[in-house]
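Engineer: sequence first, then the predicted structure:
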Amino acid sequence: MNQASPLPHAERRAAALALANQGRMLEAERAFGDLLRELPDDVDALNFLAICAHRRGQIDESLELLGRAHRAQPDDAITLVNLGALQRERGHLDEAHAAMKRGTELAPDLFAARLRLGEILQALGRHADALPVYFGAIMTAQEHGHWLSDATTAVELQPLVKHAMRLVSAGRRELFLGLLQPLRERHGGAALARVEKSLAIYLGELPPNYPEPKQRPKFLYFPDLPAPRFFDRELFPWYAQLEAQTAVIRDEMLALLAEDRDFEPFLGHVDDKQTLHDYLRGDRGAPAWNAFFFYRHGVRHDANALRCPRAAAALDATPLCHVREHAPEVCFSVLTPGSHILPHHGVTNTRVVTHLPLVVPDGDLALNVSGELRRWEEGRCFSFDDTYEHEAWNRSADTRVVVLLDAWNPYLTEVEREAVTELIGAIGDFNRAAGV
């Protein structure tokens, strides 16, 4: 007669999993079977024994075990994924989709399951829905070092992975080009030639061939534009109107600084995955690069605008670059004494960053754009291409404050600006659907 093991359940579960990882499947099956007799709702045991039953062709037994696991823990991602795979095999596509979708929502890093979800969607005839799911699976796998080559792809997955990659390559191109078709019909193909080249670079179909080695957009590169680090003032006829409002804008900003509230870290605009230490250093205690936002990621902060009505009106009168969920960024940008914004790159050269300096103390402070230094002058705007490596520092004894805003690259045509707006919005929608 078998006696219960004296080991705690957690240790016995770990030991059974270790046997499975060593390929000692029969021993692992016995160990999980013993555990299940004591813990009838143990999800790990139920899933492992279901897999064993499936390998023996005992489909009904496998389904019954997975059903027990699902009833015990309805939100266990592994159980849901295994249920989805089994229902797919049985041809029950709706049930397979429901289980696999829920499992991958609970555990997005299960990239192989996301791949199988794309396959199920295709089988259901939902090809448009399958495309972002496949893309998300590929991107997640590659972030973890998988599916970069045959050597990094499980043999049994290679046909489906290659199919997904082909579908994604053709499907994204067709989707994004299709969005530009109305503009192409109105303005002709030549008007969109640079836009389509930019898209091809984004999709990896063409190399960027940057004219300047230190220009590295982190997201979208628009080719065949003049590429100065700092732009000529003559390209921005609206400077004069904004500069004329410097005193008014400064007064409202100084009132905010005196209240010392509603300023927030600017970091996060550059790259939400990066940390403070990646972008900001200080030689006098904690560094600070703070902002009072009028727009952030393209969304207007109405409450902030109401607190600075004259500044908000002056800024809204400028030709800002509006791209849904991306631009503009418009703010009072505050750099405290001793703070150094480290070298980094912006996201796209389709827009340029403009500064209107409000408070510029005496001392060592400057903006360095790929070797070209610019010191701020109060009340005098300048614009630069932040896709070049750039940095800024304030080694003076006082705080520096500028208005920072996004404007279109002046070398884009109106048609190109409209196309870029459509394209970036569509890329964002697609990536969100892909879970990227």
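Structural biologist: Cool, the structure landed.
Engineer: could you pull out the helices in the stretch 301-436 of the chain for me?
Structural biologist: Along the stretch 301-436 of the chain, the segments classed as helices by DSSP state H, counting those that start in this stretch run 302-307, 309-316, 414-434.
Engineer: got the contact list for the second one?
Structural biologist: Counting contacts by CB atoms under 8 Å, 6 or more residues apart in numbering, the residues outside helix 309-316 that touch it are 241-242, 245, 248-249, 252-253, 294, 304-306, 330, 403, 405. (Glycine included, C-beta is placed from N, CA and C.)
Engineer: report the buried residues of it.
Structural biologist: Ala311, Ala312, Ala314, Leu315 (16 or more other CB atoms under 10 Å).
Engineer: and which of those is nearest to Leu220?
Structural biologist: In terms of CB to CB, no member of these lies closer to Leu220 than Leu315, at 24.4 Å.
Engineer: what average pLDDT does stretch 58-68 get?
Structural biologist: Here stretch 58-68 scores 94 as its mean pLDDT.
Engineer: what sits up against it?
Structural biologist: Residues contacting stretch 58-68 (CB under 8 Å, 6+ apart): 40-41, 46-47, 49-51, 53-54, 79, 82-83, 86, 89-90.
Engineer: what's the most distant pair in these?
Structural biologist: Put simply, by CB to CB the two of the contacts of stretch 58-68 set farthest apart are Pro40 and Glu89, 25.7 Å from each other.
Engineer: look at Arg116 and give its secondary structure.
Structural biologist: Classification of Arg116 by DSSP: H, G, I helix; E, B strand; the rest coil places it in helix.
Engineer: check it and give its pLDDT.
Structural biologist: pLDDT, Arg116: 97.
Engineer: ok, now how distant is it from Val195?
Structural biologist: 36 Å (CB to CB, to the nearest Å).
Engineer: helices along the stretch 51-200 of the chain, start to end?
Structural biologist: 59-72, 77-90, 93-106, 111-123, 127-143, 158-187, 193-202.
Engineer: just the ones you listed: most buried one?
Structural biologist: Stretch with highest mean neighbour count among the helices of the stretch 51-200 of the chain: helix 111-123 (a mean of 23; mean count of other CB atoms under 10 Å).
Engineer: ok and that one relative to helix 414-434, angle-wise?
Structural biologist: 110 degrees (axes from the mean of the first three to the mean of the last three CA atoms, to 10 degrees).
Engineer: what helices and strands are in contact with helix 111-123?
Structural biologist: Where contact means 3 or more CB pairs under 8 Å, 6 or more residues apart in numbering; DSSP states H and E, helix 111-123 is packed against helix 77-90, helix 93-106, helix 127-143, helix 158-187.
Engineer: got the ones you listed as CSV, with mean pLDDT and distance to Asn349 columns?
Structural biologist: Listed next are those as CSV, based on pLDDT from 0 to 100; distance: least, CB to CB, whole Å:
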stretch, mean pLDDT, distance to Asn349
helix 77-90, 96, 41
helix 93-106, 97, 35
helix 127-143, 97, 24
helix 158-187, 96, 19
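Engineer: quick one, domains of this structure?
Structural biologist: Per automatic domain parsing, the structural domains of the chain span 9-128, 233-411.
Engineer: and the shortest one, end to end?
Structural biologist: Domain 9-128 has an end-to-end distance of 46 Å (criterion: CA to CA, to the nearest Å).
Engineer: do the longest one as well
Structural biologist: Taking CA to CA, the span from the opening residue of domain 233-411 to its closing residue is 13 Å.
Engineer: pLDDT averaged over it - what is it?
Structural biologist: Computed over domain 233-411, the average pLDDT equals 92.
Engineer: mind checking how far it is from the chain centre?
Structural biologist: Here domain 233-411 is found 23 Å from its chain centre; the criterion is CA atoms, centre = their mean, to the nearest Å.
Engineer: adding distance to Ala288, write the helices of the stretch 51-200 of the chain out as JSON lines.
Structural biologist: Converted to JSON lines, those look like this (distance: least, CB to CB, whole Å):
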{"stretch": "helix 59-72", "distance to Ala288": "50"}
{"stretch": "helix 77-90", "distance to Ala288": "41"}
{"stretch": "helix 93-106", "distance to Ala288": "38"}
{"stretch": "helix 111-123", "distance to Ala288": "39"}
{"stretch": "helix 127-143", "distance to Ala288": "32"}
{"stretch": "helix 158-187", "distance to Ala288": "40"}
{"stretch": "helix 193-202", "distance to Ala288": "35"}
